[in-house]
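Asks: return atomic coordinates for the entry below.
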Amino acid sequence: QLQLVESGGGLVQPGGSLRLSCAAPGFSLDSYAIGWFRQAPGKEREWVACIGSSDPITNYVDSVKGRFTISRDNAKNTVYLQMNSLKPEDTAVYYCAAELNYYCTTAERMDYWGKGTLVTVSS
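Replies: Numbers count the residues shown, from 1 in each chain. Below you'll find the model as predicted:
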């Protein structure tokens, strides 16, 4: 069973940076498109970014374009989300999810989910 483990969350001041990691110990993510999602308190889950499998096309929700970068290191079975210029509205639990596909489709079609890591942006 593929398990996804997120890490890298924490408390950061507005304007700061964090790098989230999504690891799959012992499993290859080569054939999986990986998405990052987030859920803020009292709000619905929101898709943030996706990176394709064999051809790592990336895409982002408009609110994070130019600030967040998704990347993958298949040798390490890890996907990253570099978050710069963080804003208080980025505060949420961030989840990574994997879909056995060339690219992410919908949250409902994701095959595996991590348990999430909390990001808090506050002064």
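
Asks: centre-most residue in this structure?
Replies: The geometric centre of the chain, computed from its C-alpha atoms, lies nearest to W36 (C-alpha atoms, centre = their mean), at 2.7 Å.

Asks: list the strands paired with the helix or strand it falls within, with their directions.
Replies: Assigned by DSSP states H and E, W36 belongs to strand 33-39. Paired strands of strand 33-39, with direction, are strand 46-51 (antiparallel), strand 92-99 (antiparallel) (DSSP bridges).

Asks: go through those and name the closest to Q13.
Replies: Of all those, it is strand 92-99 that lies closest to Q13, at 16.4 Å by C-beta to C-beta. All C-beta atoms are positioned from the backbone trio N, CA, C, and that covers glycine.

Asks: list the contacts of that closest one.
Replies: The contact list for strand 92-99, computed with C-beta atoms under 8 Å, 6 or more residues apart in numbering, reads 2, 4, 6, 9, 20, 22, 24, 29, 32-41, 43, 45-46, 48, 79, 81, 105, 107, 109-119.

Asks: drop anything exposed from those.
Replies: Buried members of the contacts of strand 92-99, scored by 16 or more other C-beta atoms under 10 Å, are 4, 6, 9, 20, 22, 24, 29, 32-38, 48, 79, 81, 110, 112-114, 116-117, 119.
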